[in-house]
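1. Structure, please.
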Amino acid sequence: MKYLRFNITVLALFAYATLIYAQGNMSVKVNPRLKYQTIEGWGVSLCWWAHMVGQWDDDKKIDEIVDLITSPDKLNMNIFRYNIGGGDDPSHYSTPDKPGHMAKGKGVRAEMEGFKASENSGYDWSKDAGQRKIMLKIKEKRPDAVFEAFSNSPPYWMTFSGCSGGNNPSTADNLKPEYYGQFCDYLIEVCKHYKDVYGIEFKTLEPFNESFSPFWGYMGSQEGCHFEPESQIKLLKILYPKLKSSGLKTVISASDETNLSTLIAVLNKYIDDGEVLDMIEQINVHTYSGTDQERLSACNLVKLTGKHFWQSETGPSENSGFTNNLFLAQKCFNDLRLLKPHAWIDWQIMEENNDTWCTIRGSFAGATFAPNRNFYVRKQVTSFIKQGYTIIDTDKSNFLAAIDPLGKELVVCCINLTGGDKTVRCDLSDFTPVAPAELYMTSSTKNCEKQNSVNVSNRGILEFNTQDQTITTAVIQILSK
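-> Okay, here's the model as predicted:
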């Protein structure tokens, strides 16, 4: 967020600082005395890409994608959000001669399958084979993986509209009140099935997705369901005792709102209720939009609740191409520095027609794929700031710093979106480096490439050059204190 300051002296100082900054320097002070959240991990939602990739015949290709996502020297993701599909009216799905309403909007990838076709039918556990296959391969490749189950919509037959895309109008609740209990049972049964059959116990269960938003309308482009805050509270109070008595260790996360202003509004309703927060273990939010002031306000509000905190979904919001990739990295920095979630989670890994909503681009029908530039931008952060590292203070927004649990490795990431090549001066005088800093850079032509190592001066200054439109990561071995 940009603030207007009316103090003439402050404006003059700001203009002077901007001039110096533009002339070729970026300076930052890294302060280990101000420690913030510990990173639980990095992750991504499994729908809709896993629903498609999991249907490929070539397991070797699938394994290669899973390796790109999970390997510590690649994207190093360990958190994955499994979508419990509600399932739409069968007449709404695509047929060879007619695309369904979701396919018209988001493609057949958005036509997620549910496990219960009607109120009186049994569970069909053969459904959703693609997403399941990817989740099982992730579990095998990454035994420490953390899984969350989340819902975009109840099954269509539980809704007012008879459509899992939403209600008409889209601002109206779509789950019929008489089905609140059955919807909770549905979610819990899916969680129990995955534990009993596959040994996957979801850490958290999130029964809503962007539920206070006005996006989810009848015959819409994906599964979605509006819930007023009061309806959310009512459903959570039904879900909690059912989940507690299920024998699962899974706990509730909520409310997965689309942006920070909506989270603040809904979380205040939860606080006012006085009871429902005791039933929730984790607060989730998406950061598709939000100012820095809203980041600070949301951070303080979550702190009041004492709950664990995830940024559970986000994506690009500015520009296009490689610049967009860097803007999304800047959003990651802003979230981690100001909002302070314990996990930062992406929406899609793979897309077909763009390089901004994904880190791997390919063809679902053609079973082809390749990492794009965004992959390497993300790797600059997630493969170096590992699980268990703690975010520490930097006095500039385009820098992100973290330290390992033993206090022996410092990581500093820097984004240069200033319009020219710069000399970066990192004040590391509060640390004792024991080796030259290793540097890695991603640009429009470089893919997280190792640069020449640089010594830290006797005064604790790390200085290196960075090109315009780049992200650079410095890894410095230090003495523990």
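
2. Just give the number of residues close to residue 449.
-> 12 (other Cβ atoms under 10 Å). In this view, the C-beta of every residue, glycine as well, is placed from N, C-alpha and C.

3. what about the most centrally placed residue in the chain, helix or strand, and which?
-> Geometric centre of the chain, nearest residue: residue 345, 1.8 Å, by Cα atoms, centre = their mean. Under the criterion of DSSP states H and E, residue 345 resides in strand 343-346.

4. who does the next helix or strand after that strand pair up with?
-> Of the helices and strands lying after strand 343-346 in sequence (DSSP H and E), the nearest is strand 350-351. Sheet partners assigned to strand 350-351 using DSSP bridges are listed as strand 360-363 (parallel).

5. now the helix or strand following the strand it pairs with, how far from the chain's geometric center?
-> The helix or strand immediately downstream of strand 360-363 is strand 368-371, counting by DSSP H and E. Strand 368-371 has its C-alpha centroid displaced from the chain centroid by 21 Å (Cα atoms, centre = their mean, to the nearest Å).

6. try stretch 85-93
-> 27 Å.

7. From one end of that stretch to the other, what's the distance?
-> 14 Å (Cα to Cα, to the nearest Å).

8. got the buried residues for it?
-> 85, 86, 87, 88, 89, 92, 93 (16 or more other Cβ atoms under 10 Å).

9. now stretch 273-286
-> 273, 276, 277, 279, 280, 281, 282, 283, 284, 285, 286.

10. Sort out which of these are in helices and list them.
-> Among the buried residues of stretch 273-286, DSSP state H puts residue 273 in helices.

11. of all the buried residues of stretch 85-93, which comes closest to residue 128?
-> Nearest to residue 128 out of the buried residues of stretch 85-93 is residue 85 (Cβ to Cβ; 5.9 Å).

12. how about the nearest residue to the closest one, chain neighbours excluded?
-> residue 112 (3.5 Å; Cβ to Cβ, 6 or more residues apart in numbering).

13. Isn't that neighbour up against residue 82?
-> No - with contact defined as Cβ atoms under 8 Å, residue 112 does not reach residue 82; the gap is 10.9 Å.

14. what about the helices in the chain?
-> 8-22, 49-53, 59-70, 101-106, 129-141, 180-198, 229-244, 260-273, 292-305, 321-334, 373-382.

15. Mind checking these for the one nearest to residue 438?
-> helix 373-382 (12.5 Å).

16. quick one: that closest one to chain centroid distance?
-> On Cα atoms, centre = their mean, the centre of helix 373-382 falls 14 Å from that of its chain.

17. Only C-alpha atoms, please: export it in PDB.
-> C-alpha atoms of helix 373-382 as PDB (Å, rounded to 0.1, in the frame of the first residue of the first chain):
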ATOM      1  CA  ARG A 373      10.700 -19.200 -15.600                       C
ATOM      2  CA  ASN A 374       8.300 -18.900 -12.700                       C
ATOM      3  CA  PHE A 375       9.500 -22.300 -11.500                       C
ATOM      4  CA  TYR A 376      13.000 -20.900 -11.000                       C
ATOM      5  CA  VAL A 377      11.700 -17.700  -9.400                       C
ATOM      6  CA  ARG A 378       9.900 -19.800  -6.800                       C
ATOM      7  CA  LYS A 379      12.900 -22.100  -6.400                       C
ATOM      8  CA  GLN A 380      15.000 -19.000  -5.400                       C
ATOM      9  CA  VAL A 381      12.900 -18.900  -2.200                       C
ATOM     10  CA  THR A 382      11.600 -22.400  -1.400                       C
END
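
18. Which parts of that helix count as buried, going by neighbours?
-> Under 16+ other Cβ under 10 Å, the buried positions of helix 373-382 are 373, 374, 375, 376, 377, 378, 379, 380, 381, 382.

19. again, but for stretch 163-180
-> Buried residues in stretch 163-180 (16+ other Cβ under 10 Å): 163, 164, 165, 166, 167, 170, 172, 173, 174, 175, 179, 180.

20. ditto for stretch 182-193
-> Buried-residue list, stretch 182-193, by 16+ other Cβ under 10 Å: 182, 183, 184, 185, 186, 187, 188, 189, 190, 191, 192.

21. outside of stretch 99-107, which residues touch it?
-> 48, 88, 92-94, 108, 110-111, 165, 219-223, 352 (Cβ atoms under 8 Å, 6 or more residues apart in numbering).

22. same question for stretch 64-75, mean pLDDT?
-> Within the predicted structure, the mean pLDDT of stretch 64-75 is 98.

23. Just the terminal-to-terminal distance for that stretch.
-> 13 Å.

24. follow-up on the earlier one: any idea how many residues pack against the residue nearest to the residue nearest to the centre of the chain when sequence neighbours are not counted?
-> Leaving aside its chain neighbours, residue 345 sits nearest to residue 43 (4.3 Å; criterion: Cβ to Cβ, 6+ apart). The number of residues packed around residue 43, counting by other Cβ under 10 Å, is 28.

25. Quick check: bridge partners of residue 43?
-> The partner residues for residue 43, given DSSP bridges, come to residue 79, residue 345.

26. Test for you: state the pLDDT assigned to it.
-> Taking residue 43 on its own, its pLDDT is 98.

27. mind listing what it touches?
-> Residue 43 sits in contact with 77, 78, 79, 80, 81, 146, 343, 344, 345, 346, where contact means Cβ under 8 Å, 6+ apart.

28. do the same with residue 401
-> 30, 391, 392, 393, 394, 410, 411, 412, 413.

29. With residue 365 as the reference, measure out to it.
-> Distance, residue 401 to residue 365, by Cβ to Cβ, to the nearest Å: 43 Å.

30. now do the same end-to-end measure for stretch 220-230.
-> The first and final residues of stretch 220-230 sit 24 Å from each other (Cα to Cα).
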